[in-house]
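Enquirer: below is the sequence, then the predicted model.
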Amino acid sequence: MERTFVMLKPGSIQRGLIGHIISRFENRGLKITAMKMLQVTTELAERHYAEHKEKPFYESLVGYITSGPVVAMVLEGPQAISVVRKMMGATDPLESSPGTIRGDLGLFTGKNIVHGSDSEASAKREIGLFFSDEDFVSYKKCDEEWILE
Ligand code: DAT
Ligand code: MG
């Protein structure tokens, strides 16, 4: 089963949206296999967003992601990477369709409230930055037979 890395950014926590956003993923049928709340250090933020180092918004992005606690998790499911990306909506909330997380819950790109890996390589890299093997829990959910084929 495919795994993806998801991070509820500081705005989600400050706005009391942790439960709401996680519920969306749970309701979709995705399985949480690792999860933690943490304060991201500047060093971790810089590694996580290394691909954006030369972009004009890089400093404010690192500033935002380190401005308060985040909730990081690994979600598992069929095509979890693209399923989560579609559920999140476009990077710019003004372009995100209603019904998506970003499209329903925000207005500014720089304050978008959720991160999801954009490829298999990113998922592997990002999971490795935030989690180690012992953070994962292997379990069977009782609703799997009603969700998975
Ligand atoms: P995504 O988060 O959809 O994968 P991305 O990887 O291109 O988008 O950018 C990472 C984050 O950087 C994004 O969630 C918010 C911020 N960002 C991207 N483009 C931006 C812009 N034009 N202005 C301000 N912040 C931006
Ligand atoms: Mg990205």
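Expert: It's in. Ligands and ions are numbered 1, 2, ... in the order given.

Enquirer: which positions in this protein make contact with ligand 1?
Expert: With Cβ under 6 Å from any ligand atom as the criterion, the chain meets ligand 1 at residues 52, 57, 61, 91, 109-110, 112, 115, 118. Placement of C-beta: from N, CA and C, glycine included.

Enquirer: which of those residues sit farthest apart?
Expert: Greatest spacing in the residues of the chain next to ligand 1, by Cβ to Cβ: Gly110 and Asp118 (18.0 Å).

Enquirer: follow-up on the earlier one: narrow the residues of the chain next to ligand 1 to those that are buried.
Expert: By neighbour count, with 16 or more other Cβ atoms under 10 Å, the residues of the chain next to ligand 1 hold 61, 109, 112, 115, 118 as buried.

Enquirer: in helices, which of the residues of the chain next to ligand 1 fall?
Expert: Mapping those onto helices (DSSP state H) picks out Leu61.

Enquirer: would TSV of the buried ones among the residues of the chain next to ligand 1 with distance to Ile127 be doable?
Expert: Conversion of these to TSV gives the following (distance: Cβ to Cβ, whole Å):
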residue	distance to Ile127
Leu61	20
Thr109	24
Asn112	20
His115	12
Asp118	13
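
Enquirer: as TSV, those with pLDDT and distance to Ile81 would be great.
Expert: TSV is the format used below for these (pLDDT from 0 to 100; distance: Cβ to Cβ, whole Å):
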residue	pLDDT	distance to Ile81
Leu61	97	21
Thr109	95	21
Asn112	92	18
His115	98	12
Asp118	98	7
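
Enquirer: now, which of those residues lie within strands?
Expert: Using DSSP state E to define strands, the subset of these located there is His115.

Enquirer: sec struct for Gly16, please.
Expert: coil (DSSP: H, G, I helix; E, B strand; the rest coil).

Enquirer: model confidence at it, what's the number?
Expert: As predicted, Gly16 sits at a pLDDT of 98.

Enquirer: how many neighbours does it have?
Expert: 8 (other Cβ atoms under 10 Å).

Enquirer: what does Gln79 give?
Expert: 12.

Enquirer: distance check, it against Glu120.
Expert: Note on Gln79: its distance to Glu120, by Cβ to Cβ, to the nearest Å, is 11 Å.

Enquirer: sweet, I'm off.
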